[in-house]
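Below are the sequence and a predicted model; questions follow.
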Amino acid sequence: MNALRYVFVTCVVGSLWSSTSTAQQPSLSGVYTREGAALAVLEGDEQTLIQYESTFPQGQSTGACECTFSVRQKKSPGTWVLASVQPERIWTLNLESGRLRLKGPGAGCCGAGWKGQDSFSRPSTQALTVCKAKGTRVRLQPLEGAAGSGPSVAAGEEVQVFASVPPPDLVPARVVQGGAALVGLMRYSDLACPEQGREAGADVKWLAGRWIQVRTEGKGYVIEKYCDSATPSVLLKADGALVVDFGQESVEGTVTAVKPGAAGASSLEVAYEGGTHETLEWTVVDAKRNVVRLKGGTDYFRQGELYVRDNARKGIPVRAEACDESE
């Protein structure tokens, strides 16, 4: 879900800026999203930058990708070969009629458990964020060159960027100068960008509160207490603000809409930091004990997780994990 971000390792390669004397409006530049993932394409005249962010199941928790590539070769109109930090490991972006399909080993910027491919609907594209350069020594820098060695960008000049929330120090950027489209990295602090506020939230007063994860045991429930992490929880405020705590990492979001479902159920539309979205089914599974199930998306909640309202947990036993005190 970064927009969901839990642990991000950046895999960044290739020369990321270029200029030519002829500029054409790129047909693919923009941000493509699905539940829990985003793919940004910044196309220049001679170079293209790709950034991929997503979350994925990793055992009982959730892993995350943050990968930045340059396009090494456009083998055909439908296949782009991407430059990666490990040249022997090939990543590709296939331009299908209705989808963009990313394939690769995941090593270096995703880690174990990534499924090896992801796809995005082409009609789902959103515009890159338009910012303006500020200051007098702003440069669009290539990754393989020294800082500040790229072309300069004048104060007030428009810059298209893709930035997570909160934004990293360096963000992928695209500038058009003198008819030439350039792509590279810019310091976010050198840009004046629209405030990245959270989306407007729905009224969820009846669901608001802190919810603690529980497991079923026999005919009842148990709360797990771990040595190296907190018990996972969900904090939902009346205005729709949401914090999902996974124990060691957390992600913030907003419930933007609530739709009624079957008896005891509601469908929650959730927008996370970074622009990712997912739909979760909130179902009351035990009204007497105030236990609900959150299920949906393709990541942490894909199989459904049980939660009890914090102020109704009395009587549910806590099972502490045996910890090695010598560690």
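Received the coordinates, thanks.

Residue 224 contacts residue 233, doesn't it?
No - between residue 224 and residue 233 there is no contact under CB atoms under 8 Å: 11.7 Å. Placement of C-beta: from N, CA and C, glycine included.

Now the common contact residues for these two.
Contact criterion CB atoms under 8 Å, 6 or more residues apart in numbering; residues shared by residue 224 and residue 233: residue 213.

mind listing the strands for the stretch 101-250 of the chain?
For the stretch 101-250 of the chain, strands defined by DSSP state E, counting those that start in this stretch occupy the ranges 117-121, 129-133, 138-139, 152-153, 158-161, 170-177, 180-187, 191-192, 209-217, 220-225, 233-236, 241-245, 250-260.

Find out how far the longest strand anywhere in the chain is from the centre of the chain, if you would.
In the chain, taking DSSP state E as the definition, the longest strand is strand 61-76. Centre-to-centre, strand 61-76 and its host chain are 14 Å apart (CA atoms, centre = their mean, to the nearest Å).

what's the angle between the following helix or strand past that strand and strand 61-76?
As assigned by DSSP states H and E, the chain's next helix or strand after strand 61-76 is strand 79-83. Interaxial angle, strand 79-83 versus strand 61-76 (axes from the mean of the first three to the mean of the last three CA atoms, to 10 degrees): 120 degrees.

got the CA positions of the following helix or strand past strand 79-83 in CSV?
Of the helices and strands lying after strand 79-83 in sequence (DSSP H and E), the nearest is strand 91-95. Taking C-alpha atoms only, strand 91-95 is exported to CSV below (Å, rounded to 0.1, in the frame of the first residue of the first chain):
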residue,chain,number,x,y,z
TRP,A,91,13.6,-6.0,-16.2
THR,A,92,11.2,-5.2,-18.9
LEU,A,93,8.1,-3.0,-19.4
ASN,A,94,5.6,-4.4,-21.9
LEU,A,95,3.3,-1.8,-23.5
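
Residues in contact with strand 91-95: which ones?
If you take CB under 8 Å, 6+ apart as the criterion, strand 91-95 is touched by 28, 50, 67, 69, 71, 77-82, 84, 100-105.

For ChimeraX, write the selection for the buried entries among those.
Of those, the buried ones go into a single ChimeraX selection, burial set by 16 or more other CB atoms under 10 Å:
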select :28,50,67,69,71,80,82,84,100,101,102,103,104
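
What average pLDDT does stretch 203-214 get?
Taken as a whole, stretch 203-214 has a mean pLDDT of 90.

Next, the distance between the ends of it.
End-to-end distance of stretch 203-214: 26 Å, with CA to CA, to the nearest Å as the criterion.

Same question for stretch 30-44.
Termini of stretch 30-44 sit 12 Å apart (CA to CA).

and what of stretch 46-66?
24 Å.

Distance from the chain centre to that stretch, please.
Relative to its chain's centre, stretch 46-66 lies at 7 Å (CA atoms, centre = their mean).

buried sites along that stretch?
Those would be 47-58, 61-66, for stretch 46-66 by 16+ other CB under 10 Å.

cool, and stretch 120-132?
By neighbour count on 16+ other CB under 10 Å, the buried set for stretch 120-132 is 120, 125, 128, 129, 131.

And for it, what's in contact with it?
With CB under 8 Å, 6+ apart, stretch 120-132 has contacts from 29-34, 37, 39-40, 42, 97-102, 155-163, 174, 191-194, 275.

Whichever of those residues end up buried, select them in ChimeraX.
This is how ChimeraX selects the buried members of the contacts of stretch 120-132, with burial counted by 16+ other CB under 10 Å:
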select :29,30,31,32,33,34,37,39,40,42,100,101,102,159,160,161,162,163,174,191,193,275
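
Which of the contacts of stretch 120-132 fall in helices?
For the contacts of stretch 120-132, not one is inside helices, with DSSP state H as the criterion.

Residue 284 - nearest residue in space that isn't next to it in sequence?
In this structure, residue 284 finds its nearest non-sequential neighbour in residue 264, 3.9 Å apart by CB to CB, 6 or more residues apart in numbering.

now, among the buried residues of stretch 120-132, which is nearest to residue 248?
residue 120 (28.5 Å; CB to CB).

any idea how far that closest one lies from residue 138?
Separation of residue 120 from residue 138 (CB to CB, to the nearest Å): 31 Å.

can you check residue 126 too?
On the measure of CB to CB, residue 126 and residue 138 end up 25 Å apart.

Would you confirm that residue 69 contacts residue 50?
Yes - assessed by CB under 8 Å, residue 69 is found in contact with residue 50 at 4.5 Å.

overlap in contacts of the two?
Each of residue 82 lies in contact with both residue 69 and residue 50 under the rule CB under 8 Å, 6+ apart.

how deep is residue 297 tucked in, by neighbour count?
The number of residues packed near residue 297 is 21, by other CB atoms under 10 Å.

scratch that, residue 324 is what I was asking about
By other CB under 10 Å, neighbour count at residue 324 equals 6.

Good, we can wrap up now.
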